[in-house]
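Undergrad: My questions are about this predicted structure, shown below with the sequence.
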Amino acid sequence: MHEHFRDLSADMTHSFLGRNIVSARDFTREEILFVLDVAERFENRHLALLPGRILATLFYEPSTRTRLSFEAAMQRLGGSCLGFADKGVSSVAKGESLSDTIRVVEAYCDVVVIRHPLEGSARVAAEATPKPVINGGDGANQHPTQTMLDLYTIRKEKDRIDGLKVGFLGDLKYGRAVHSLVETLCHFDVNLTLISPESLRLPEAMLESLRQKDIPYREAVEILPAAADLDVLYTTRIQKERFPDLLDYERVKNVYQLNRKLLEGVGPDLTIMHPLPRVTEISTDLDDYPRAAYFRQAANGVTVRQAILALVLGGIA
Amino acid sequence: MHEHFRDLSADMTHSFLGRNIVSARDFTREEILFVLDVAERFENRHLALLPGRILATLFYEPSTRTRLSFEAAMQRLGGSCLGFADKGVSSVAKGESLSDTIRVVEAYCDVVVIRHPLEGSARVAAEATPKPVINGGDGANQHPTQTMLDLYTIRKEKDRIDGLKVGFLGDLKYGRAVHSLVETLCHFDVNLTLISPESLRLPEAMLESLRQKDIPYREAVEILPAAADLDVLYTTRIQKERFPDLLDYERVKNVYQLNRKLLEGVGPDLTIMHPLPRVTEISTDLDDYPRAAYFRQAANGVTVRQAILALVLGGIA
Amino acid sequence: MHEHFRDLSADMTHSFLGRNIVSARDFTREEILFVLDVAERFENRHLALLPGRILATLFYEPSTRTRLSFEAAMQRLGGSCLGFADKGVSSVAKGESLSDTIRVVEAYCDVVVIRHPLEGSARVAAEATPKPVINGGDGANQHPTQTMLDLYTIRKEKDRIDGLKVGFLGDLKYGRAVHSLVETLCHFDVNLTLISPESLRLPEAMLESLRQKDIPYREAVEILPAAADLDVLYTTRIQKERFPDLLDYERVKNVYQLNRKLLEGVGPDLTIMHPLPRVTEISTDLDDYPRAAYFRQAANGVTVRQAILALVLGGIA
């Protein structure tokens, strides 16, 4: 084991070698906490663990955050990157299948990050190659490194995950980040508050799953008083295109905006998170609020992705 | 000479320093075999021969394979890359000539790879700068590193080139890869079989050239029995847009599909190659056929391009 | 101080650490000359001063020259790059503000170069982050590293700036590079000649400023005899879209073309500069004229940007 990681479990480290990171569902509580522990070691530390290794970023949909943070993570580890930022420059136009593209690209790199609009595409990619594939978002389905950086942020901001009261605000029906984080929080002893307009409630199947796992939750339509006693409030963008009636959207958009005034009604410890980009759902007057964690959350994306890249490529072993 | 290359010809090595790689026609049999010999030394070996050197990839047309494999090759050699993946982000829109772009970009890099839709454009680029220019495909004309990786694949799969019976299947009229490989195979003692629909036969000028060079060849319309006794079958994509009548395309498309069933009629040593991307012309049921070499062929692209970059930049001297 | 820079002012070096490079107006004569002095040290010298450091290139408008020369500069310094080459792959489409993008991207890098069509955008970006931001062009406003490389080129070609007779030719009304260079030359003892069609004269406010600063200037419509006794002639592209009447454009386009024949009427020491890309305003028959400095000028862009990146990131301290 590398000196900075010597006290960590060698078995656990070994279990990540060459592993695909396709869905947060594929990881146990113990494994997730291990990733967070590894990530912590990268805070404020420059460790060139992957010199000469190559990351391929195959982005069939645009993304600033995910693509650039993976590239930053790889470069900080001493590795390099190649790939494409939109499908226009790929071979898709020539009719090539995703599996074929992966089988070709595997020869150019040591690890692949893929973002693709089709649900299940990352799994298809992972099955096409023996090299590790990391899902950078497959449509409405999964984005596991987002979930891990969200959990990392919660733990870093609050020093724990167990025992927290976590709220979700906004579009709980369609939001991929929300679904995956809610599911993964079920590994922990948390209490959930789900705040959304009636039409954007968390899907019934997910509520049923919470009940089966004995995760206490309550639902609310108004932010206050529901958010008043929370430890964390995870906010999401409400997308205009989800509303058949634009008037409904306009009403909801204004009601679900977090701002200084509204936060006067909550405790001083409420941490505000958001996967970004935000539009109007968090007022910029909150940006210098000490518990506004969303930019730190984005920064944690690099740290967590350094951990994941180092793990799947054997950099800390 | 670098230790891993010490037994190779220093004169030959020197002759590649700063050289343009514009057309496969510019290389003798001896030179081509030398490139293949150098490439072999990169197999399973990490040699950072070009630290601090910069490759500019100027792609006026999209390409996954060629661009990414050149970038992978450069990065494996310890160098880095810059450039553009489509002409939209270049200065073409402002009316700049190709020569001007090259004369500017030469200051940013040590070697240029260019893909451009216009025939002859790579030669124009090479003449504009003293730095080495590598043709990554200039329209229907040349793509010399494709030809070299095709030859490398043939030699690696069959342990020789001389004495082989090589078949070509599909669009022999328009295929740039086919034309260049056929021409280059004329340096060797080969026997050619040309299988295509009547409307997509190898151009008469090329057939005439084969006769002049005493290269034995035969033409066929049906895959069997023509392919039965071949050592290598080089398959190509038949492009719909080549057919004035779509019905003709549909008929041909189905007749020229390689699959397991069809391969029951050939010997067990027939190696299947394809420059990729493939669409329907090779069934995926062939992908785990041991002699299906097309994904290995794509991987060889990195190895051969490592050799070429190292040679033109003096990395092995 | 690094050994190659030990004789330079440590105070001046320190003053550049973490500094934003937003406008040429922000720099004194002494500071500009210091940048040129630092740049000189990078000529023909490979100094990997920034290993492990990351440059983010955020290009909301396409650019070959600026983006690639910054990337070349960073890579020659041993650093690496990430970013986007056009806004299509950024989060702009999702409605994210520029400030938010910068606050996210600052976590991925050590320094940002931004090109954005909106005037003032680089200042907005600089204010959003504590990391240094370099303006790579904000609409018609500023492009400070272009001005610095122009000055570097003048000094390198003529061994001085003070005492020179500098002419500007072409579109003096809209040209960002011209405005910034004229302004910055006001720090020096120069004599200006402004040659343009009546409709594209230098704006009156700038002429007034020249008078206030006692910079001698004269205006002319014809190239000769105005250019006959100049030391430097800075030519610019005249853009068709500036003319309401296309006939006016065609007339001007032909009158303002520099070529060999026309240069017979000037002294042998007249240095020709151009920010490139050029279209028809400089005939290619001038390209091998010894005093045609425009391609050397483009190459100087890398040298000057190496100096700036090394300075703001503390690489020479």
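TA: That came through fine. Numbering: from 1, shown residues only, chains lettered A, B, ... in the order given.
Undergrad: confidence score at residue A:92?
TA: Looking at residue A:92, its pLDDT is 64.
Undergrad: So is the lengthiest helix in chain A next to chain B?
TA: Longest among the helix segments of chain A by residue count, using DSSP state H, is helix A:294-312. No: applying C-beta under 8 Å from any C-beta of the partner chain, one finds helix A:294-312 out of contact with chain B, separated by at least 15.4 Å. No exception for glycine: its C-beta is placed from N, CA and C like everyone else's.
Undergrad: and that helix, average pLDDT?
TA: Helix A:294-312 comes out at a mean pLDDT of 98.
Undergrad: all helices of the stretch 201-317 of chain A, in order?
TA: Taking DSSP state H, counting those that start in this stretch as the test, the helices found in the stretch 201-317 of chain A are A:204-212, A:246-255, A:260-263, A:294-312.
Undergrad: Deepest in the core, which of those helices is it.
TA: A comparison of the helices of the stretch 201-317 of chain A by mean neighbour count, using mean count of other C-beta atoms under 10 Å in any protein chain shown, puts helix A:294-312 on top with a mean of 25.
Undergrad: Tell me how far that one lies from the chain's centre.
TA: 10 Å (C-alpha atoms, centre = their mean, to the nearest Å).
Undergrad: Repeat that for stretch A:47-55.
TA: When C-alpha coordinates are averaged (C-alpha atoms, centre = their mean), stretch A:47-55 and its chain have centres 23 Å apart.
Undergrad: list the buried ones in that stretch?
TA: A:47, A:49-50, A:53-55 (16 or more other C-beta atoms under 10 Å in any protein chain shown).
Undergrad: quick one: the longest helix of chain A near chain C?
TA: Yes: legend: contact between helix A:294-312 and chain C by C-beta under 8 Å from any C-beta is shown at A:295, A:298-299, A:301-302.
Undergrad: Same question for stretch A:77-89.
TA: Yes: Stretch A:77-89 lies within reach of chain C by C-beta under 8 Å from any C-beta, at A:78, A:80-81, A:85-86.
Undergrad: The residue of the stretch 151-300 of chain A found nearest chain B - nearest residue in space that isn't next to it in sequence?
TA: In the stretch 151-300 of chain A, no residue comes nearer to chain B than residue A:277, which is 22.4 Å away by C-beta to the nearest C-beta. Of all residues not flanking residue A:277 in the chain, residue C:96 sits nearest, at 3.6 Å (C-beta to C-beta, 6 or more residues apart in numbering or on different chains).
Undergrad: Just to check, the one you found is in contact with residue A:275?
TA: No: under the criterion of C-beta atoms under 8 Å, residue C:96 makes no contact with residue A:275, lying 11.9 Å away.
Undergrad: between these two, which one's more packed in?
TA: Each of residue C:96 and residue A:275 has its neighbours counted (other C-beta atoms under 10 Å in any protein chain shown); residue A:275 has more, 24 against 19.
Undergrad: Next up, phi/psi of the more buried one, please.
TA: The phi/psi pair for residue A:275 (degrees, to the nearest 10) reads phi -70, psi -10.
Undergrad: same deal with residue A:147?
TA: Dihedral angles of residue A:147 (phi, psi; degrees, to the nearest 10) stand at phi -60, psi -40.
Undergrad: That one contacts residue A:180, correct?
TA: Yes: between residue A:147 and residue A:180 a contact is recorded at 4.4 Å, counting by C-beta under 8 Å.
Undergrad: Compare the two and say which one has the larger neighbour count.
TA: Shown here are residue A:147 and residue A:180; by other C-beta under 10 Å, residue A:147 has more neighbours (27 against 21).
Undergrad: any idea how far that one is from residue C:224?
TA: Separation of residue A:147 from residue C:224 (C-beta to C-beta, to the nearest Å): 70 Å.
Undergrad: Of all the helices of the stretch 201-317 of chain A, which one comes closest to residue B:67?
TA: Nearest to residue B:67 among these is helix A:294-312 (22.6 Å), distances taken as C-beta to C-beta.
Undergrad: Identify the residues contacting the worst-scoring helix or strand of chain A on mean pLDDT?
TA: Here the helix or strand of chain A ranked lowest by mean pLDDT, DSSP states H and E is helix A:246-255, holding a mean of 82. Helix A:246-255 is contacted by residues A:197, A:199-200, A:223, A:238, A:240, A:242-243, A:280-281 when judged by C-beta atoms under 8 Å, 6 or more residues apart in numbering or on different chains.
Undergrad: Kindly recompute the last result at 7 Å.
TA: Here helix A:246-255 makes contact (C-beta atoms under 7 Å, 6 or more residues apart in numbering or on different chains) with A:197, A:238, A:240, A:243, A:280.
Undergrad: Of those, grab the buried ones for PyMOL.
TA: Selection of buried members from the contacts of helix A:246-255 for PyMOL, criterion 16+ other C-beta under 10 Å:
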select buried, chain A and resi 197+238+243
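Undergrad: Does residue A:60 touch residue A:115 like I think?
TA: Yes: taking contacts as C-beta atoms under 7 Å, residue A:60 lies within contact range of residue A:115: 6.2 Å.
Undergrad: Which positions in the strand or helix carrying residue A:125 come out as buried?
TA: Residue A:125 is part of helix A:121-128 when elements are defined by DSSP states H and E. By 16+ other C-beta under 10 Å, the buried positions in helix A:121-128 come out as A:121-126, A:128.
Undergrad: how about it against chain B, any contact?
TA: No: shown here: helix A:121-128 not in contact with chain B (C-beta under 7 Å from any C-beta of the partner chain), separated by at least 9.8 Å.
Undergrad: Packing partners of that helix?
TA: helix A:98-105, strand A:111-116, strand A:133-138 (3 or more C-beta pairs under 7 Å, 6 or more residues apart in numbering or on different chains; DSSP states H and E).
Undergrad: close to chain B, is the first one?
TA: Yes: contact of helix A:98-105 with chain B (C-beta under 7 Å from any C-beta) involves A:100-101, A:103-105.
Undergrad: can you pick the most crowded of the residues you listed?
TA: Of the residues of helix A:98-105 next to chain B, with other C-beta under 10 Å as the count, residue A:105 tops at 28 neighbours.
Undergrad: For residue A:89, give me the pLDDT.
TA: 58.
Undergrad: Residues of chain A that sit close to chain B?
TA: A:52, A:54, A:80, A:82, A:84, A:88-91, A:93-96, A:100-101, A:103-105, A:107-109.
Undergrad: Among those residues, which lie within strands?
TA: Within the residues of chain A next to chain B, residues falling in strands by DSSP state E are A:54, A:80, A:82, A:84.
Undergrad: Columns pLDDT on top of those residues, output as a markdown table?
TA: Below are those laid out as a markdown table (pLDDT from 0 to 100):
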| residue | pLDDT |
| --- | --- |
| A:54 | 98 |
| A:80 | 98 |
| A:82 | 97 |
| A:84 | 93 |
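Undergrad: okay, among the residues you listed, which ones form the most distant pair?
TA: Across those, the longest distance by C-beta to C-beta is 15.2 Å; it joins A:80 and A:84.
Undergrad: Look up how far chain C lies from residue A:107.
TA: 22 Å (C-beta to the nearest C-beta, to the nearest Å).
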